[in-house]
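> how does the following fold in three dimensions:
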Amino acid sequence: MGWLIAAGVIVGLGFLPVGIYAAYSAAGVSARLTLWLVSFALYPRPKKERKKDSAGKYRNQNVKFKDKTPGTVADFRPMVEIILSLLAEFRHRICVKELEMKLTLAGGDPADLAIHYGQAWTLLGNLVPQLDRFFRIKKRDLGINLDFTADEPMFYGHIHITITLGRLLFMVIYHGHQCLWEYRRIMNLRKGGSKI
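So this is what the prediction gives:
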């Protein structure tokens, strides 16, 4: 009986929605990670205090990669193909719950603004079918406004994308296994071993 409950919990976790909410406004860029009813700030991050070393000087906790020696393109190409296949699959599996973009044109000659206004709507009209082709968008609010009194163009936008935890884990495990296998093959060839 206990294993049935455990299996039910695991299956239920697989259907939990994981999402990212990102927005741009006058306050700047902000991003949050959402896990069902809980959300965590991704950007801007709260500032952390730097630790002091034994000499009393502050030291940075971020460790950067110092080796910047380039590798061969032939070794890198298979990894790129795996990453591109992951992005293509990710594109089809995510759901855009909400997409809002508002552009306000302003500044300059009113006649030029009117021409740019028409051009912007034409570009937006061409963009919408492409967005619908690549993503499943549940709620969309895209618009262009015109303000003859403002000094400069303004933009506001936000997007909320989600994917179930089960799908995300499957993609990470499947494509991560391919990346690991390719990495081991490259390391084996560099050491003079045989192809896998």
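
> model confidence over stretch 3-10, on average?
In this model, stretch 3-10 carries a mean pLDDT of 71.

> okay, now the unreliable bits of the protein?
Counting by pLDDT under 70, the chain contains low-confidence ranges at 1, 9, 11, 13, 46-76, 79, 83, 86-87, 190, 192-196.

> and if we set it to 50?
58-68, 195-196 (pLDDT under 50).

> where do the helices sit along it?
Under the criterion DSSP state H, the chain contains helices at 2-14, 73-93, 110-134, 165-190.

> list the buried residues of the shortest one.
What that stands for is helix 2-14. Buried residues in helix 2-14, counting neighbours by 16 or more other CB atoms under 10 Å, are absent. For glycine as for every other residue, the C-beta is placed from the backbone atoms N, C-alpha and C.

> helices or strands up against it?
helix 165-190 (3 or more CB pairs under 8 Å, 6 or more residues apart in numbering; DSSP states H and E).

> the inter-axis angle of the helix it packs on versus helix 2-14?
Helix 165-190 and helix 2-14 are oriented at 80 degrees to each other (axes from the mean of the first three to the mean of the last three CA atoms, to 10 degrees).

> for the helices of the chain, give me CSV that also has distance to M101.
Below are the helices of the chain laid out as CSV (distance: least, CB to CB, whole Å):
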stretch, distance to M101
helix 2-14, 32
helix 73-93, 19
helix 110-134, 9
helix 165-190, 25
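
> so for L42, which of those sits nearest?
helix 165-190 (15.7 Å; CB to CB).

> helices or strands next to that closest one in the packing?
In this structure, helix 165-190 makes packing contacts with helix 2-14, strand 17-25, helix 73-93, judged by 3+ CB pairs under 8 Å, 6+ apart.

> how about 10 Å then?
Here helix 165-190 touches helix 2-14, strand 17-25, helix 73-93, strand 154-164, going by 3 or more CB pairs under 10 Å, 6 or more residues apart in numbering; DSSP states H and E.

> got these as a markdown table, with distance to Q119 columns?
Below are those laid out as a markdown table (distance: least, CB to CB, whole Å):
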| stretch | distance to Q119 |
| --- | --- |
| helix 2-14 | 46 |
| strand 17-25 | 22 |
| helix 73-93 | 28 |
| strand 154-164 | 16 |
